[in-house]
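**Student:** Would you be able to build a 3D model of this:
(2 chains)
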Amino acid sequence: MITSTYIPGNSILHKADPRIKTVVLLSTVIFFFLSVPVTAIFVIFLGLIFIGINSLGFLKIIHPVKMVLPIIIFVIILTPPFYKGGEVILIVKDIVILTTEGISHTLRLILRFTGITISFYIFFSTTSINYFILTLEWFKLPYKAALIITIALRYIPSMVIIYNNIQDAHRLRSGNNVKYNFRNKLNTVFPTLVSVLIHSIKSIPTLSMALELRGIGCTAKRTQFNTIKSNKMILQIAIAGVTLLLLPVSAILF
Amino acid sequence: MTNNNSNSSINNLPAFKIASLAILIAVTTVFTYIIRIPIAPTRGYINFGDVAIFFTAITFGPITAFLAGGLGTALADLFAGYAQWAPITFFAHGLQGLLIGLILKKKINIPGLIFSFLAATIVMAGIYYITAGLMYGFGPALAEIPGNILQNVAGVVVGVPLAAAVRKAYPPILNYKW
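**Tutor:** Below is the predicted model:
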């Protein structure tokens, strides 16, 4: 199981401060929902593609697009017939199928969804999960919440191994001649799930004792080994955010 | 099946709450991302994320279900390459867990299960429908509703017996609710 989406690299985005990237990501998502001309959205979309190819390479940036392709096909088929405004392009048996308004709206939806998908993909491919959690902490996420996510991330790979081991043990008991249809699969999975859950839940008291021993639950402020340094980042974040939010305004004025 | 509130003090410790949440988030992530049962006619599959949410809501209560259900499924989205859905998933599945936990807090019976299933389905599928509609149109977003309902059906059909089986096999779990 993949428990990290980070793709190591040496690009500008890899080196950029995760706090700035977070603000830029949010600004980009907001931008895609604004009522701006499709051309403005297209320009930003192309910019995203360029940044993505520059940071991760062409093949990597195609990956998220392939994943959302079925939804894009749905949008292309289902959106245009609902928009009757603008110039009529295609009529079938007196029913308007395609208009310029339909094309424009379909393009807007495709660019919006694909743009948001690519933005998130670029962000999590160039930002490690640990830095992302530190960023959330910097944005005032409580320490305990960050700790919970960190422990969960550490525990997930172990749990996958436990699940596979228990599943193998149950398979050994059921024999090799089982036909894997839906019912058999469910019958096989159920005892495995019970065992996995009991095994996981049994580890809660041990883990809580370990946390107690490390002083979790004490009221004194905790120090941290890993932190993000606060130089002049607030100013840089503000500049990055305002720049991105100014883009749609300039597009409207233009 | 009734819920017994424990007199034990272990579940009031901050460390216990952190540990149980972390483990249950991991459980939900693995159930969502790893455990998938294929459905032959459609060539699709159902994941067991909702099973984990039903289990957590019944066994650990509404708040744990909200946090573990929301964060666990959001992490699964992140690792599966659907990071854009992660914030929405957190609220959709978090509220789903919260509702199930609140409805089944006092007693678990057939009307309660039906009501919790309906409420959870409406909220979860509704949040996904509205956000998907805003992102890529309300027409195409309709295509996601049957899948979300099926997920919840799997949740209630497998999750409730699973909670009962785990309680029977490991009775100390009754003291873990907080």
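**Student:** And the pLDDT at residue 142?
**Tutor:** Here I'm looking at chain A. On pLDDT, A:P142 comes in at 87.
**Student:** That was the other one, I meant chain B.
**Tutor:** pLDDT recorded at B:L142 is 87.
**Student:** ok, now A:K185?
**Tutor:** Reading off the model, A:K185 has pLDDT 72.
**Student:** show me what contacts A:F124?
**Tutor:** A:F124 makes contact with A:T5, A:Y6, A:F132, B:L78, B:A83, according to Cβ atoms under 8 Å, 6 or more residues apart in numbering or on different chains. Every C-beta, even on glycine, is put in place using the N, C-alpha and C of the backbone.
**Student:** Whichever of these end up buried, select them in ChimeraX.
**Tutor:** Those of these that count as buried under 16 or more other Cβ atoms under 10 Å in any protein chain shown are selected in ChimeraX with:
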select /A:5,132 /B:78,83
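**Student:** Make JSON lines out of the contacts of A:F124 and add secondary structure and pLDDT.
**Tutor:** Below are the contacts of A:F124 laid out as JSON lines (DSSP: H, G, I helix; E, B strand; the rest coil; pLDDT from 0 to 100):
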{"residue": "A:T5", "secondary structure": "coil", "pLDDT": "82"}
{"residue": "A:Y6", "secondary structure": "coil", "pLDDT": "88"}
{"residue": "A:F132", "secondary structure": "helix", "pLDDT": "88"}
{"residue": "B:L78", "secondary structure": "helix", "pLDDT": "88"}
{"residue": "B:A83", "secondary structure": "helix", "pLDDT": "87"}
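**Student:** What about residue 140, how many residues nearby?
**Tutor:** You didn't pick a chain, so chain A it is. The tally of other residues near A:K140 (other Cβ atoms under 10 Å in any protein chain shown) stands at 6.
**Student:** Chain B is the one I meant
**Tutor:** B:P140: 23 neighbours (other Cβ under 10 Å).
**Student:** For A:L98, identify the helix or strand it belongs to.
**Tutor:** Using DSSP states H and E, A:L98 sits in strand A:95-99.
**Student:** That strand close to chain B?
**Tutor:** No. Strand A:95-99 stays clear of chain B (Cβ under 8 Å from any Cβ of the partner chain), getting no nearer than 13.9 Å.
**Student:** cool, and stretch A:206-220?
**Tutor:** Yes. Applying Cβ under 8 Å from any Cβ, one finds stretch A:206-220 touching chain B at A:L207, A:S208, A:M209, A:L211, A:E212, A:I216, A:G217.
**Student:** which stretch of helix or strand covers the first one?
**Tutor:** What it means is A:L207. Going by DSSP H and E, A:L207 is in helix A:182-213.
**Student:** Give me the buried stretch members for that helix, please.
**Tutor:** A:188-198, A:200-201, A:203-205, A:207-208, A:211-212.
**Student:** And B:K17, how far from B:V153?
**Tutor:** From B:K17 across to B:V153, the span is 31 Å (Cβ to Cβ, to the nearest Å).
**Student:** The two - which one has more neighbours?
**Tutor:** Neighbours per residue (other Cβ under 10 Å) separate B:K17 from B:V153, with B:K17 holding more: 22 against 14.
**Student:** Does the more buried one touch A:G217 like I think?
**Tutor:** No. In this structure, B:K17 is not within contact of A:G217 by Cβ atoms under 8 Å, at 9.1 Å.
**Student:** Where is the longest helix in chain B?
**Tutor:** Across chain B, the longest stretch assigned as helix under DSSP state H is helix B:110-136.
**Student:** helices or strands up against the helix or strand that comes right after that helix?
**Tutor:** The helix or strand immediately downstream of helix B:110-136 is helix B:138-141, counting by DSSP H and E. Packing contacts for helix B:138-141, counted by 3 or more Cβ pairs under 8 Å, 6 or more residues apart in numbering or on different chains; DSSP states H and E, involve helix A:69-78, helix B:110-136.
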